[in-house]
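**Q** Below is the sequence, then the predicted model.
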There are 4 protein chains.
Amino acid sequence: MASKAERPDATIGKARIEAFSDGVIAVAITLLALDLHVPDPAGTGSLAQHLGDQWPSYAAYVVSFLTIGIIWINHHAMLRRLVSVDHAIMVLNLVLLLAIGVLPFSTALMARYLQAAHGQNLAAVIYGGSFLAMSLVFFTMHRHLLIAKHHLLQDYLTPGVRRSVLRRNAFGLLPYAVATLGGILTPYLTLAICAALAVFYALPSTTSDRVSLD
Amino acid sequence: MASKAERPDATIGKARIEAFSDGVIAVAITLLALDLHVPDPAGTGSLAQHLGDQWPSYAAYVVSFLTIGIIWINHHAMLRRLVSVDHAIMVLNLVLLLAIGVLPFSTALMARYLQAAHGQNLAAVIYGGSFLAMSLVFFTMHRHLLIAKHHLLQDYLTPGVRRSVLRRNAFGLLPYAVATLGGILTPYLTLAICAALAVFYALPSTTSDRVSLD
Amino acid sequence: MASKAERPDATIGKARIEAFSDGVIAVAITLLALDLHVPDPAGTGSLAQHLGDQWPSYAAYVVSFLTIGIIWINHHAMLRRLVSVDHAIMVLNLVLLLAIGVLPFSTALMARYLQAAHGQNLAAVIYGGSFLAMSLVFFTMHRHLLIAKHHLLQDYLTPGVRRSVLRRNAFGLLPYAVATLGGILTPYLTLAICAALAVFYALPSTTSDRVSLD
Amino acid sequence: MASKAERPDATIGKARIEAFSDGVIAVAITLLALDLHVPDPAGTGSLAQHLGDQWPSYAAYVVSFLTIGIIWINHHAMLRRLVSVDHAIMVLNLVLLLAIGVLPFSTALMARYLQAAHGQNLAAVIYGGSFLAMSLVFFTMHRHLLIAKHHLLQDYLTPGVRRSVLRRNAFGLLPYAVATLGGILTPYLTLAICAALAVFYALPSTTSDRVSLD
């Protein structure tokens, strides 16, 4: 591996960081389907019953797929604000991809334990917590860009716009904190909040036609 | 995660939505091969016999691989009609990718149950239904682009061309509906119709040399 | 899904067919590693012995990785000869990707049966045959481009150059046919020929510095 | 497959080698998560205890994810030094990707054996050795570019700059050699050194703001 001084310290184009991030997120989102299991034809019970029993897997698949998809859309928007990237941004992006990479695991954990007799609350806290952690890394990276790296930003991002973008970002962490804590009561609350958030972010914003950030 | 107002509401370039879609479809199509199992060398019976017994897996692999490949070609054609994309298009695209992402699961289900003593009809209905669902999302997304987002389309797409494109699209749903219902009779009917459709779409159209959409 | 007339019949840019092919080949080549198994720590026997027993998996991994990598290099070279692509080329490319997509399966089959008491010859014939099939599809696609689609080719590809490229291509099929048939004698012959071919194609050609195709 | 003379011998653009490498590295880094296992809800013991017992898997996941990510950053930097690539560079790059492709296996081996009663030292030597092998291939490829292919390099890379880049590269191999040998003493030493290296390379260099390589 290259020694420390070998690193790409200068600001560079963002095409490859986009391509690599797209790749990691595309693989992670598609690996979610590996937790959908085909029941054994030789087993007892009807296929309909076996598939019906797996509904937590389907629910968790849809919620996690949409959430990772929305992360991708937001990641897309975040990088569009940049003209170029540096080493710190690439490392923060790597930590974000690490947090996204564990989501297939936390999703499978949630699906498998939602209806279990024990461990269901911990599984839900870990599921909500994995989304919260991912949001926190996203916020940290976004904050770093908007505060410390404004020389790499597109021109239209005035200090006022940057503050307002960050404030809305910080508020976006709250619902995932609630979803995480909600798992202590019941895992269904965590799943319901995460599902509602995915739908909320996917729906068209009423103000969206009037706002043009670029 | 970014708050709602943080979303990329403005129209944007389509390079990254193409890259992300290519990634998800490429992973989904390649994961199909994970359902091709190597027989245990320590088991009884010859390798030839074990591999021969797996023919439903090979058939389902080929049919699903070609079908997903043709979806990719059509997705490619759909996005070429666009100059840029907005939030609603990205969310519809995400739902389309979600529908594509479950195809390795429905393919494995079909392969495992084709010759089973029970559950084979339900498995076939789910297999045909997963292609129908994917086609429906594709149609919905395409309709949204051609009707509601004509300001984002390439210039050559006049209202007349758009109506004729959509009409042909709607007719394309019918065979998958038949394949889905056919599973009630026998799963072989579903697999045969899906195979015939994959070959039909792959073959060169006799009119294709005279039609130039771009 | 789009109806037949909906297909991208006009000639189009090749950026997305390259991106999709790169994605499928990258996933297939990386999935090869899924057949490298970690021995159970609770089992009997030393780790060194267990890993040593797996040498066919390592050998098959290296041979298949290099072979798929060389396919990618050749695919790269083939598409560079083109200015644009049409529907038939995209379908042929899809069949090529299908043939590449099964290589992780045939590689795992070869690795698991190389030292088995029965089935080892069939496994080797399938392994060699999967490379032969892939080469045949590559040759068919290349032939189609050079003979039927010369209006889509770069200008420097005169009829004489095209004939000589195809002749060399056809000769390239022979060693894989020998490797496939060699499996009838012993699977080690198949693996050895495939390994030798991977090394041969990877080595620098002595004529390479004098030949410039573009 | 194309015959030997069919290979892309001329120097060519580097867009597709970047896209393919990004794809392979993105898949390898995301497959690391497949070794995070969901405990069986029907088993004995609490979920917290089962997850706690898996800490070697989490530690190995984070260390390997960051290390592969840093390889990707360095790979990015290495290719930026090039104007175009030739056959030898593509083959060396393929060997580098092969070495990266086995890291999910060596990571799973390390995680599974860290606390085992036997085999833990060998597992650690293999884990450190897989990073060392990858670094050696990276160094070999980098050396080949800087020494033998200076006609393909960007203009700013004078002989003096090239020598200094290579010297720092060679020193970067040492810590991985130490990590590999350290596994003979205890696997924890290997993991600790690899973790420290990942953090070291991820941290901002104090000289980074003053050095601009491009």
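**A** Nice, thanks for sending it over.

**Q** how close does residue A:32 get to chain B?
**A** 7 Å (Cβ to the nearest Cβ, to the nearest Å). Just so you know, the C-beta spots here come from the backbone N, C-alpha and C atoms, and that holds for glycine as well.

**Q** Contact partners for that residue?
**A** Residue A:32 makes contact with A:61, A:64-65, A:68, A:103-104, A:107, B:101, according to Cβ atoms under 8 Å, 6 or more residues apart in numbering or on different chains.

**Q** For it, give its distance to chain D.
**A** Taken as Cβ to the nearest Cβ, the span from residue A:32 to chain D is 11 Å.

**Q** And that residue, how far from chain C?
**A** Residue A:32 is 15 Å from chain C, by Cβ to the nearest Cβ.

**Q** show me where pLDDT drops low in chain A?
**A** A:1-12, A:205-214 (pLDDT under 70).

**Q** Is the longest helix seen in it positioned near chain D?
**A** Secondary structure of chain A per DSSP state H: the longest helix is helix A:55-80. No. Helix A:55-80 lies out of reach of chain D by Cβ under 8 Å from any Cβ of the partner chain, never closer than 11.1 Å.

**Q** what helices or strands is that helix leaning on?
**A** helix A:15-31, helix A:87-101, helix A:103-113, helix A:120-143, helix A:187-202, helix B:87-101 (3 or more Cβ pairs under 8 Å, 6 or more residues apart in numbering or on different chains; DSSP states H and E).

**Q** ok, 7 Å please
**A** With contacts taken as 3 or more Cβ pairs under 7 Å, 6 or more residues apart in numbering or on different chains; DSSP states H and E, helix A:55-80 sits against helix A:15-31, helix A:103-113, helix A:120-143, helix A:187-202, helix B:87-101.

**Q** Pull the most distant pair out of the contacts of residue A:32.
**A** A:103 and B:101 (13.7 Å; Cβ to Cβ).

**Q** Distance to residue C:116 and mean neighbour count added to the helices and strands packed on helix A:55-80, as JSON lines?
**A** Output for those, formatted as JSON lines (distance: least, Cβ to Cβ, whole Å; neighbours: other Cβ atoms under 10 Å in any protein chain shown):
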{"stretch": "helix A:15-31", "distance to residue C:116": "31", "mean neighbour count": "25"}
{"stretch": "helix A:103-113", "distance to residue C:116": "33", "mean neighbour count": "25"}
{"stretch": "helix A:120-143", "distance to residue C:116": "41", "mean neighbour count": "22"}
{"stretch": "helix A:187-202", "distance to residue C:116": "46", "mean neighbour count": "20"}
{"stretch": "helix B:87-101", "distance to residue C:116": "36", "mean neighbour count": "22"}
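
**Q** With distance to residue D:198 as added columns, please give those helices in CSV.
**A** Formatted as CSV, the helices and strands packed on helix A:55-80 follow (distance: least, Cβ to Cβ, whole Å):
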stretch, distance to residue D:198
helix A:15-31, 17
helix A:103-113, 20
helix A:120-143, 16
helix A:187-202, 30
helix B:87-101, 31
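
**Q** quick one: which of these is nearest residue B:74?
**A** helix B:87-101 (10.5 Å).

**Q** Check whether that closest one comes near chain C.
**A** No. With Cβ under 7 Å from any Cβ of the partner chain as the criterion, chain C is not reached by helix B:87-101; the gap is at least 10.8 Å.

**Q** and that helix, does that touch chain A?
**A** Yes. Using Cβ under 7 Å from any Cβ, helix B:87-101 comes into contact with chain A via B:87-88, B:90-91, B:94, B:98, B:101.

**Q** Residue A:204 and chain B, how far apart?
**A** Counting by Cβ to the nearest Cβ, the gap from residue A:204 to chain B is 5 Å.

**Q** That residue and residue B:87 touch, don't they?
**A** Yes. In this structure residue A:204 lies within contact range of residue B:87 using Cβ atoms under 7 Å: 6.4 Å.

**Q** and the residues of helix B:87-101 next to chain A as TSV, adding distance to residue D:53?
**A** Below are the residues of helix B:87-101 next to chain A laid out as TSV (distance: Cβ to Cβ, whole Å):
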residue	distance to residue D:53
B:87	44
B:88	46
B:90	41
B:91	40
B:94	37
B:98	34
B:101	32
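
**Q** want to throw those into TSV with distance to chain D?
**A** Below are the residues of helix B:87-101 next to chain A laid out as TSV (distance: Cβ to the nearest Cβ, whole Å):
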residue	distance to chain D
B:87	25
B:88	28
B:90	20
B:91	23
B:94	18
B:98	18
B:101	14
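
**Q** Which one of those residues is nearest to residue B:146?
**A** So of those, ranked by how close each gets to residue B:146 (Cβ to Cβ), first place is residue B:88, at 13.5 Å.

**Q** what sits against that closest one?
**A** Residues near residue B:88 by Cβ atoms under 7 Å, 6 or more residues apart in numbering or on different chains: A:204, B:144.

**Q** Report the buried residues of stretch A:69-89.
**A** Under the neighbour-count criterion of 16 or more other Cβ atoms under 10 Å in any protein chain shown, stretch A:69-89 has A:69-82, A:85-89 buried.

**Q** Could you pull up the residues touching residue A:102?
**A** Taking Cβ under 7 Å, 6+ apart as the test, what residue A:102 contacts is A:130, D:33, D:36.

**Q** need the residues of chain A near chain C, please.
**A** Counting by Cβ under 7 Å from any Cβ, no residue of chain A is near chain C.

**Q** give me phi/psi at residue A:82?
**A** phi -100, psi 150 (degrees, to the nearest 10).
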